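A.B. asks: kindly return the folded structure for what I paste below:
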Amino acid sequence: MHDLNNTQLILLALLVSFVTSIATGIVTVTLLDQAPPAVTQTINRVVERTVEVVVPSKNQPPITQTIVVKEEEFITKAAEKNASNIVEIGRLKKRSRIGGIGRPPTEEYELELLGTAFALNKTFIASQYKVISDTEGLVIRTTQNHIYRAEVVLQDFTHNIMLFKVGEQIKSAEGLEVNAADAYAFAETPFAEMSRVQIGQTAIALGVGNGVVLSLGVISQVQTKGGTIAEDGTRTPKELVSIHTTIEANKRYAGGPLININGEILGINIIADSNEFVTVPIHLVKDAMVEAAQKKAE
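C.D. replies: Numbering: from 1, shown residues only. The predicted model follows:
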């Protein structure tokens, strides 16, 4: 050690620091891989990113800036990404208003609201089956008061969901506030990968109640079925059939989406016969969309 000059000592110190950093990284990744989902979820609640900004100046040392990204920022962005696709499902009804002296009776429309629904894309709207009993004269209303006729294209009694096709836009209806502007632009919603759904992950339910409303919870249970092991050792993965969260049952969210903090759709919320708040996984909703599209083609 005493035989080394200053340059060699500096190089030796850098080598030791480099090896120590690699060892620390390997130990950290190993511990995270072995930790239960609830622990990793807690760690991810607050994401800290360190960005080193090197100023190209000989006299000024590198500046390190620490940026803290809180989970609430992800939640806000996730809600904003999907809020425009939240709609209300309802039925247009005519009502007569008695006229006065010299004035004939007039006919006006009223909108009977039935529940919450969610636009999966520009064509299909999903909701809970129990929300609708009579499928005649249905319409959807966007958060900006656009009104469209809605046609039921699929009723899935097994999973308690139904799909609607977005019909023609209603430009005016006497007695109702209607936005007659150009066609409403529904966003293309990103679907979550079901294999990554785990208990402890943040879950966000969106619904309608004097505007878009939000309820926050975590995934408490995932129910699966099937899954086999063949003689050759190959495995057939289990199918996710329902997602349970800590979110309390509320009809404002029935028919609306459950999303993660990335803004991806986990599924459509329903209230089961047991009054339990349950989410139908999005892959089952996608299967229903494929079936509806095939029926339309026939």
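
A.B. asks: how far away is Arg149 from Thr245?
C.D. replies: In this structure, Arg149 lies at 33 Å from Thr245, with CB to CB, to the nearest Å as the measure. Where you see a C-beta, it was placed from the backbone N, CA and C, and this is true even at glycine.

A.B. asks: next: His159.
C.D. replies: His159 sits 17 Å away from Thr245, going by CB to CB.

A.B. asks: likewise for Thr20?
C.D. replies: In terms of CB to CB, Thr20 sits 42 Å off from Thr245.

A.B. asks: the two: which has the busier surroundings?
C.D. replies: Set Thr20 next to Thr245 and count neighbours by other CB atoms under 10 Å: Thr245 wins out with 24 against 10.

A.B. asks: pLDDT score assigned to the residue nearest the centre of the chain?
C.D. replies: Computing the C-alpha centroid of the chain and ranking residues by CA atoms, centre = their mean puts Ile259 first, at 2.4 Å. Ile259 carries a pLDDT value of 97.

A.B. asks: what residues does stretch 180-199 touch?
C.D. replies: Here stretch 180-199 makes contact (CB atoms under 8 Å, 6 or more residues apart in numbering) with 37-38, 41, 81-82, 84-85, 119-122, 142, 144, 146, 148, 166, 169, 171-172, 218-222, 237, 240, 243, 257, 259-260, 262-266, 281-283, 286.

A.B. asks: mind listing the helices for this protein?
C.D. replies: Assigned helices in the chain, in chain order: 6-34, 37-44, 71-83, 282-297 (criterion: DSSP state H).

A.B. asks: lowest average pLDDT across those helices?
C.D. replies: helix 37-44 (a mean of 52).

A.B. asks: verify the contact between Phe124 and Lys165 for me.
C.D. replies: Yes. With contacts counted by CB atoms under 8 Å, Phe124 reaches Lys165, the gap being 6.6 Å.

A.B. asks: which one's more surrounded, these two?
C.D. replies: Comparing Phe124 with Lys165 by other CB under 10 Å, the one with more neighbours is Phe124, at 21 against 17.

A.B. asks: count of residues packed around Asn82?
C.D. replies: By other CB under 10 Å, the residues close to Asn82 number 22.

A.B. asks: measure it to Gln155 for me?
C.D. replies: 24 Å.

A.B. asks: low pLDDT regions in the stretch 151-298 of the chain?
C.D. replies: Across the stretch 151-298 of the chain, the ranges flagged by pLDDT under 70 are 227-236, 296-298.

A.B. asks: now do the strands in it.
C.D. replies: Counting by DSSP state E, counting those that start in this stretch, one finds strands in the stretch 151-298 of the chain at the ranges 161-170, 202-208, 212-225, 228-229, 235-236, 239-245, 257-259, 265-271, 277-281.

A.B. asks: buried residues of the third one, list them for me.
C.D. replies: Taking 16 or more other CB atoms under 10 Å as the basis for neighbour counts, the residues of strand 212-225 that come out buried are 212-217, 219, 222.

A.B. asks: phi and psi next, for Ala185.
C.D. replies: The phi/psi pair for Ala185 (degrees, to the nearest 10) reads phi -90, psi 100.

A.B. asks: ok, it to Asn85 distance?
C.D. replies: 10 Å.

A.B. asks: who's more crowded, those two?
C.D. replies: Taking neighbours as other CB under 10 Å, Ala185 and Asn85 compare with Asn85 leading, 25 against 9.

A.B. asks: what's the closest non-adjacent residue to that one?
C.D. replies: Ala119 (4.0 Å; CB to CB, 6 or more residues apart in numbering).

A.B. asks: how many neighbours does Leu113 have?
C.D. replies: Look at Leu113: counted by other CB under 10 Å, it has 11 neighbours.

A.B. asks: what of Ile22?
C.D. replies: Using other CB under 10 Å, the number of residues around Ile22 comes to 10.

A.B. asks: make 221 the first number, not 1, from now on.
C.D. replies: Will do, 221 is the new start, and the previous item becomes Ile242.

A.B. asks: Provide a list of residues in contact with Pro477.
C.D. replies: By CB under 8 Å, 6+ apart, the contact set of Pro477 is 302, 305-306, 338, 409, 425-426, 485-489.
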